[in-house]
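Q: I would like to see how this sequence folds:
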Amino acid sequence: MNIKNYLKRINASHYTNCSLQNLEELQSLHMQHIPFENLDVIRKIPIYLNLVTIYDKLVSRNRGGYCYELNGLFHCLLTELGYEASLLSATVRRMNGVWAKTDTHAAIIIQLDKPYLVDVGFGDSTVLPIPLCGAERTDVSGTYKIEKQENDFYDLIQKRNDVERILYRFTTQPKKLIDFHEGCVFNQVAKESSFTHTDIVTVATPLGRKTISDSLLIITENGVQQKKDLSSDEKDQILRSTFGIQL
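A: Residues are numbered from 1 along each chain as shown. Below is the predicted model of the structure:
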């Protein structure tokens with residue numbers, strides 16, 4: 001992995017020292033420059049848990065990816081920069097309250113003065129590291145906190161418009177990227193997967209988020225959404241101009 005090119009890809013060349021402030025900048029910039037997207041899944045292009053191919057896709061080919069790709073490569077970058085980082089597995093709680101397949105989401109734990117959850121691969125979520133101690137952190141997308149449950153489980157909780165919901169549940173047991181092989185395959189082929197039905201492309205912005213869901217463009221700024229239906233040509237143009245993706 002060429003660290004210099006990776007940092008250039010996310011416009012973060014100056015944030016190479018290990019500190020909470022630099023970690024915040026790295027996470028925010030990563031989420032603003034490398035989209036969460038499932039375009040390969042929909043097009044039946046296999047995704048392998050190989051950092052060489054993931055680096056080529058995300059950095060060299062200016063693409064995005066889903067959690068295993070985004071957090072897998074970001075974990076590698078943070079480790080190379082000197083952070084004490086480990087991957088963890090999580091179980092996502094969907095909007096309808098139903099839990100997804102167990103331990104099929106990958107995120108990162110960083111140990112600084114205290115442990116922090118870092119996640120650049122969950123789409124519409126926090127752009128800040130969240131401490132495991134329960135302290136709240138607020139960004140343009142909402143307010144977040146982590147609550148410890150029984151048996152060393154933790155819940156990541158988001159609050160928007162005074163409504164709280166659990167995004168996912170996790171443990172801090174360290175994982176390796178290869179441990180997510182089953183989940184990676186499941187999320188590429190299963191009908192129960194959230195990623196096998198329609199195109200999803202989303203990237204954070206300083207004021208909110210830009211998203212393509214199927215043929216719908218959603219722009220969120222300071223909590224206010226604007227939506228526009230896209231033709232096929234318009235969608236291709238937005239993918240290039242807004243997300244930097246050339247299929």
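
Q: wasn't T220 part of a helix?
A: No. Using DSSP: H, G, I helix; E, B strand; the rest coil, the assignment for T220 is strand, not a helix.

Q: please name the bridge partners of it.
A: Counting by DSSP bridges, T220 forms beta bridges with R209, Q225.

Q: do V203 as well
A: Under the criterion used (DSSP bridges), V203 bridges to K210.

Q: ranges for the helices of this structure?
A: 3-9, 20-33, 39-42, 51-55, 67-81, 181-189, 232-243 (DSSP state H).

Q: return the most buried member of those.
A: helix 67-81 (a mean of 22; mean count of other C-beta atoms under 10 Å). Quick note: C-beta positions are derived from backbone N, CA and C, even for glycine.

Q: quick one: residues in contact with it.
A: Identification of contacts with helix 67-81 by C-beta atoms under 8 Å, 6 or more residues apart in numbering yields 1, 3, 6-7, 16, 18, 23, 26, 30, 34, 36, 47, 49, 51, 54-55, 57-59, 64, 85-87, 105-108, 110, 118-122, 177, 180, 183-184.

Q: repeat the analysis, applying 6 Å as the threshold.
A: If you take C-beta atoms under 6 Å, 6 or more residues apart in numbering as the criterion, helix 67-81 is touched by 3, 6, 16, 49, 51, 54, 58, 85, 87, 105-108, 120-121, 177, 180, 184.

Q: just the buried ones from the residues you listed?
A: Among the contacts of helix 67-81, those classed as buried by 16 or more other C-beta atoms under 10 Å are 6, 49, 54, 58, 85, 87, 105-108, 120-121, 177, 180, 184.

Q: chain neighbours aside, what residue packs nearest to T242?
A: In space, and not counting its chain neighbours, T242 is closest to K210: 5.8 Å by C-beta to C-beta, 6 or more residues apart in numbering.

Q: if we can go back for a sec, which among the buried ones among the contacts of helix 67-81 gets closest to V224?
A: V120 (24.4 Å; C-beta to C-beta).

Q: okay, how far is it across stretch 158-169, tip to tip?
A: 12 Å (C-alpha to C-alpha, to the nearest Å).

Q: now swap in stretch 89-107 and tell me
A: Stretch 89-107: ends 6 Å apart by C-alpha to C-alpha.

Q: in that stretch, what's buried?
A: In stretch 89-107, counting by 16+ other C-beta under 10 Å, buried: S89, A90, T91, V92, R93, A100, K101, D103, T104, H105, A106, A107.

Q: can you tell me which of these lies closest to I219?
A: Looking across the buried residues of stretch 89-107 and measuring by C-beta to C-beta, the closest to I219 is V92, at 24.6 Å.

Q: just to revisit the earlier point, closest one to K114 among the helices of the chain?
A: For these, proximity to K114 was assessed by C-beta to C-beta; helix 20-33 is nearest, at 9.5 Å.
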